[in-house]
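>>> the sequence and its predicted three-dimensional model are supplied below.
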Amino acid sequence: MARKQKTTAAPEDLIGQIVGRYDAEVGMLIPMMQDLQAECGYLAADDLRRLAARLEVPLSRLYAIATFYASFRLSPKGHHEVTLCVGTVCYLKGSGAISEKIRKEFRVEGGGTTPDGLFSFMPVNCVGACALAPVMIVDGRYYDGVTAASALDILRKLPPEEETGERKAKA
Amino acid sequence: MTVVATKRFTCVADLEEDRRRLREQRKSAARRVRVCIGTGCAAKGSRKLYELFCQAVRETDAGVEAVSCVGCHGFCQRGPIVVVEPGEIFYQRVEEPDVAEIFRETVQGGRVVERLLYQDPATGARARQAGEIPFYKAQQRIVLAHNGEIDPRSIDDSIAVGGYSALAKALATMTPEQVLQEVERSGLRGRGGGGFPTGRKWRSCREARGEPKYVISNGDEGDPGAFMDRSVMEGNPHAVLEGMILGAYAIGSSKGYIYVRNEYPLAVEHLREAIVQARRAGLLGEDILGTGFAFDVRINRGGGAFVCGESTALMASLEGRPGEPRAKYVHTVEHGLWDKPTNLNNVETWANVPAIINRGSDWFASIGTEKSKGTKVFSLVGEVTNTGLVEVPMGMTLRQIIFEIGGGVKGGRAFKAVQTGGPSGGCIPARFLDAPVDFDELTKLGSMMGSGGMIVMSEDTCMVNVARYFLNFLREESCGKCTPCREGLAQMLVILDRITHGQGQPGDIECLERVAVILEGTALCALGKTAANPVLSTLRYFRQEYDAHILQKRCPAKQCRGLFRYQIDEKACKACGVCRKHCPVQAITGQKKVPHVIDQEKCTLCGTCHEKCPFSAILKV
Amino acid sequence: MPTVTIDNVAVEVPKDATILDAARKAGIWIPTLCFHPAVPPQAMCRLCMVELDRGGWTQLVTACNYPVRRDIVVSVSSDRAVQARRGVMELLLARAPESKPLQALAGRMGVTGTPYPQVSKTQRDCVLCGLCTAVCDACLGRAAIGFAGRGKDRVVSTPFRQPAEDCIGCGACAAVCPVGTIQVRIHEKEGEIEISPFKTRVKAQLCQACGARIVSVPVLEEALGKARIDWEKFRRLVRLCPKCRRKAAAEQLAEVALAAAQAGYVSRPKAAAFLPSPRRGRGGGGEGAHATPPLTRPSATLSRKGRGNNDPKGSA
């Protein structure tokens, strides 16, 4: 189950860089954590410890932030990022059922990663593309009007290694 | 292709001179193709269309001036949208193979490709321009005026259509007090949901003591079904910036924030670029337009929390803390971000300000109703024929919006209700379709305007399930700080889960109502206080559905699994046997040429037969 | 000073005092759960709801943090306020149905049971009042624990649910917990203090003389870090339990007295008052054992006090 994940702590200067980018302003803590996650794929405990130490902010606050906001991950993500909109319109068009089918087939919880590390699954409440409901986003690419069958099909066909090229973790 | 203004305007005259030059330039341009790259059209591959058009231009070298990317037109259902100038030929549902034809026929040949024009489903008439399409005809676009016209990543495009002219006018000829008075007189009310008079908020902030003062743009548009702010931020970011600079000038603020939800990466990108360009042009930062006024903004992305749309939670987020609201006994205009006077307004509210300054408060106040002035952008979605963004004057009726502009309920189904105001709002049934849409009217009906979401529901929608959906949404998004919201929503959801699964009990509705009262009276923030609205409004207008679920274990809309039956329509059944083969419990019997029958005793209501029947002969009863 | 008329009793309070302050002054009881004078009011539990007269309409507000800025009229015992508080308590009882302290509070409010089933999982009756996290942050400056998660998943937790690195084992969280969820547990054998349920343990400082447990080592280090003291002397003394410390202090005093007498600063009889009475078989007892008179100058404190030779006032 070789995952090309970050397994060692982020280089020391990365934390320094990120902190410097925002002039060590504590108010920019969330953007700092977003940048850290964008670089490393997830928020590792040791990285958060170092960030807390740098900013002289209690670690419990970083942990509170990391567990409060849905976009933060404390464990490595899958090779692919799958977002399924379960906002009102998409839900009324069946995305709730689609979510259930995905969770069941791939044994993944919302906000978690499949056991084989293939993809991370994020049901979100509305991506603002309601005319295209139901919407599923895979590695930044939008699929509109998905059904349970088409969604499962797309996921089953996901290549097991990281795609080369431009799959940079977005936002 | 991003056109970057490299010039810095050191005075108003400079800016106006450049505006004249840019307008001349655009007038003399022969032809232009505008490709929408808003999130909706991009999701359907419009970026590739843009590339193909650029390639076509390069290959022919025909002297065609430009292929531009433009922002969201609002008619997302008909995307990808491509407009060709001159003539404003409006093409919809454009696909890659169409590019060559459009280029050859329209761009080079000046002819129209009929089949790509919008066609009225009733009359069959084709519309050449957007203004001929019923969806657009009745709209009055102030906020969305330039969406789809300008390249949002080009400050030159913005300037050419009048961007920053209000700022120039204000800095050159008006005092901060005069700017404030114009906004007060206009009657503008907050467009994010609260509907609070904007001028009054600005006035309180101006009078509050403390430095520095902050202005914030709330771009955390979390209501599911709403994407107005997304379109404005993506399609015309300079309008938002200009509004904020004007507000900062009026209030006496030098620092601003734009808080954009994490799920809108394109909006963040366009705003970022807009800020960079505005700074370079001397429209943001120190010494704006050489007047000595200084103001700058920065963008913060949300972390993925609906509650951060609440102003105090948003400010907590900006302070690097979890987005938990706090009491508002002391207003944020006095003690807000970092305990300083802070003026927070919604993106759409800010985007209205330049027009008010340019055309005057009297003009703005002449649109709309007595207490709700101006226009409002609604996102008309759900079971409606034409889904998309609709900007109309306040006071237009629900019927006009849903039927004239929206084209009525899709597939000819019957209209059942329209849900407005997101999770804090309610469902409005058919008998109120002639109600004018404004802040107070919707509140009277037990709903609210909210940020402008309008979700149309047909007869196939179970209203009890809708209530359950919203409760679940709120329970997931609740910050959990206060007892009534955290515990009360969990209790209500347990009850609604039972009801939608056929385990409702007498007394359930009374219990729901009791918890609703507790929530409304004791919750800490607006999310909790209004959380029971979806339940209360559906109880008010669709009580009979609740009763059917609880007393008869039946779902009249046939949506709740287990609460309706499947029956084979004898007349439609072709005895093909597909259903029989797929039934997991062998509940269907029948032979060749004999209509099949479902044994209701064995049936587990899984719905597979209904899904598989090629003749739609299986009905939900 | 604004006046608060609360249940028809008028009291004057300083500007920006809270309705709760006014109620206390008026002798009117309002139930609270998440309020504590040591930390700023969070108004999270929503138990202290009262009805505020807005002239024409009324508003339910929380008494613990509503700032009084002008004359106001408040009702604690109105139907609406009573029902609101009852509703909140019923929801809390549903969350922690086994909690005796919560039931006792409910009893005081006249609430005997709850119509709601238990639907949330709770960590040993925790009602998420936030006092533990507030005290640890605002009073101790450690913030070893905090809230984690959101909504129904909100819990009080240590970072990463691991033993808290910033915890000093002072037990303040246990002291303020209104429902007894947090407990300080002593592990005699290992000489450790545990804060349960946070799975955090700290070493306890044991008396170097008799082995009794004194205090948590990190607390000690905090205190040492914050105090400006004569380190040498203090380090010697602080590794003793109170009893042994008193003994050592007495002995040190005897030391000083003897030295002073020897140097002639005080008369022998006066110095004798500070000498320990002769004891047999107790770690050295007797006059000479600890009180070895230094042959060098007496302790610095003596001379610092600037007493000259033969000052009859002496210094001991």
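Arrived safely.
>>> which parts of chain A sit against chain C?
With C-beta under 8 Å from any C-beta of the partner chain as the criterion, chain A comes near chain C at residues A:45, A:48, A:58-64, A:67-68, A:74. In short, each C-beta sits where N, CA and C put it, glycine included.
>>> count of neighbours near residue 57?
In the absence of a named chain, this looks at chain A. Around A:Val57 there are 17 other residues, counting by other C-beta atoms under 10 Å in any protein chain shown.
>>> hmm, I had chain C in mind actually
Burial of C:Trp57, expressed as a neighbour count using other C-beta under 10 Å, amounts to 7.
>>> do the same with C:Pro37
5.
>>> and what about it, helix, strand or coil?
Secondary structure assignment for C:Pro37 (DSSP: H, G, I helix; E, B strand; the rest coil): coil.
>>> what's the answer for B:Leu380, then?
Reducing the assignment to helix, strand or coil with three-state DSSP, the entry for B:Leu380 is strand.
>>> correct me if wrong: it contacts B:Ile402.
Yes - B:Leu380 is within contact range of B:Ile402, at 7.0 Å (criterion: C-beta atoms under 8 Å).
>>> tell me which helix or strand of the chain sits lowest on mean pLDDT?
You didn't pick a chain, so chain A it is. helix A:88-92 (a mean of 82; mean pLDDT, DSSP states H and E).
>>> hmm, I had chain B in mind actually
Ranking every helix and strand in chain B by mean pLDDT, DSSP H and E puts helix B:608-612 at the bottom, with a mean of 83.
>>> tell me which stretches of the stretch 51-200 of chain B form strands.
When assigned using DSSP state E, counting those that start in this stretch, the strands of the stretch 51-200 of chain B occupy the ranges B:66-70, B:82-85, B:89-91, B:118-119, B:126-127.
>>> C:Met89: which of those strands is closest?
Each of these has some distance to C:Met89 by C-beta to C-beta; the shortest is strand B:66-70, at 57.1 Å.
>>> the closest one pairs with which strands, parallel or anti?
strand B:32-36 (parallel) (DSSP bridges).
>>> more crowded one of B:Leu380 and B:Ile402?
It is B:Leu380, of B:Leu380 and B:Ile402, that has more neighbours when counted by other C-beta under 10 Å, with 29 against 24.
>>> for that one, list each beta-bridge partner.
Using DSSP bridges, the bridge partners assigned to B:Leu380 are B:Gly388, B:Met454.
>>> what's near enough to touch it?
Under the criterion of C-beta atoms under 8 Å, 6 or more residues apart in numbering or on different chains, the contact partners of B:Leu380 comprise B:386-390, B:401-402, B:405-406, B:454, B:456.
>>> what about those, which one has the most neighbours?
Neighbour counts for these (other C-beta under 10 Å) peak at B:Leu389, which has 32 neighbours.
>>> B:Lys376 is in contact with that residue, correct?
No - B:Leu389 lies out of contact with B:Lys376 (C-beta under 8 Å); the separation is 10.8 Å.
>>> quick one: low-confidence parts of chain A?
Segments of chain A classed as low confidence (criterion: pLDDT under 70) are A:1-10, A:12, A:161-171.
>>> hey, where'd the strands end up in it?
Ranges of strands in chain A, per DSSP state E, are A:80-85, A:119-124, A:136-138, A:141-143.
>>> for the chain, what spans make up the helices?
Reading this off chain A. Under the criterion DSSP state H, chain A contains helices at A:12-21, A:29-40, A:45-55, A:59-68, A:88-92, A:95-106, A:148-156.
>>> switch to chain C, that's the one I care about
In chain C, the helices defined using DSSP H lie at C:19-26, C:79-95, C:100-109, C:131-134, C:172-176, C:217-226, C:231-238, C:242-263, C:268-272, C:286-290, C:300-304.
>>> tell me the span between the first and last residue of stretch A:82-91.
One end of stretch A:82-91 to the other measures 17 Å (C-alpha to C-alpha, to the nearest Å).
>>> mind pulling up the pLDDT for B:Trp338?
According to the per-residue confidence, B:Trp338 scores 96 in pLDDT.
>>> got the contact list for the nearest residue to it once chain neighbours are set aside?
Taking C-beta to C-beta, 6 or more residues apart in numbering or on different chains as the measure, B:Trp338 lies nearest to B:Glu319, with 6.6 Å between them; neighbours along the chain are not counted. Residues in contact with B:Glu319, defined by C-beta under 8 Å, 6+ apart, are A:26-27, B:337-338.
>>> B:Leu512 contacts B:Pro534, doesn't it?
No - taking contact to mean C-beta under 8 Å, the distance of 11.1 Å between B:Leu512 and B:Pro534 leaves them out of contact.
>>> comparing those two, which residue is more hemmed in?
Counting neighbours by other C-beta under 10 Å for B:Leu512 and for B:Pro534 shows that B:Pro534 has the greater number, 27 against 21.
>>> gap between the more buried one and chain C?
Counting by C-beta to the nearest C-beta, to the nearest Å, the gap between B:Pro534 and chain C amounts to 17 Å.
>>> contact partners for that residue?
If you count contacts by C-beta under 8 Å, 6+ apart, then B:Pro534 has B:419, B:423, B:425-427, B:466-467, B:470-471 around it.
>>> element containing it, please.
Per DSSP states H and E: B:Pro534 is located in helix B:533-541.
>>> ok, the least confident helix or strand of chain A near chain B or not?
Yes - looking at helix A:88-92 against chain B by C-beta under 8 Å from any C-beta, the contacts come from A:88-92.
>>> adding neighbour count, write those out as JSON lines.
Shown next, in JSON lines, are those (neighbours: other C-beta atoms under 10 Å in any protein chain shown):
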{"residue": "A:Thr88", "neighbour count": "29"}
{"residue": "A:Val89", "neighbour count": "28"}
{"residue": "A:Cys90", "neighbour count": "30"}
{"residue": "A:Tyr91", "neighbour count": "27"}
{"residue": "A:Leu92", "neighbour count": "27"}
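>>> can you lay out those as JSON lines showing distance to A:Gln34?
Formatted as JSON lines, these follow (distance: C-beta to C-beta, whole Å):
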{"residue": "A:Thr88", "distance to A:Gln34": "27"}
{"residue": "A:Val89", "distance to A:Gln34": "27"}
{"residue": "A:Cys90", "distance to A:Gln34": "25"}
{"residue": "A:Tyr91", "distance to A:Gln34": "27"}
{"residue": "A:Leu92", "distance to A:Gln34": "31"}
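>>> tell me how the chain divides into domains.
Unless you meant another one, I'm taking chain A. When chain A is parsed into structural domains using automatic domain parsing, the resulting residue ranges are A:12-68, A:80-156.
>>> wait, chain C
C:3-109, C:131-214, C:241-304.
>>> hey, least reliable of these by pLDDT?
domain C:241-304 has the lowest average pLDDT among those, namely a mean of 62.
>>> contact residues of the stretch 451-600 of chain B facing chain C?
Where proximity means C-beta under 8 Å from any C-beta, the interface of the stretch 451-600 of chain B facing chain C comprises B:475-484, B:486-491, B:494, B:511, B:514-515, B:517-518, B:521-524.
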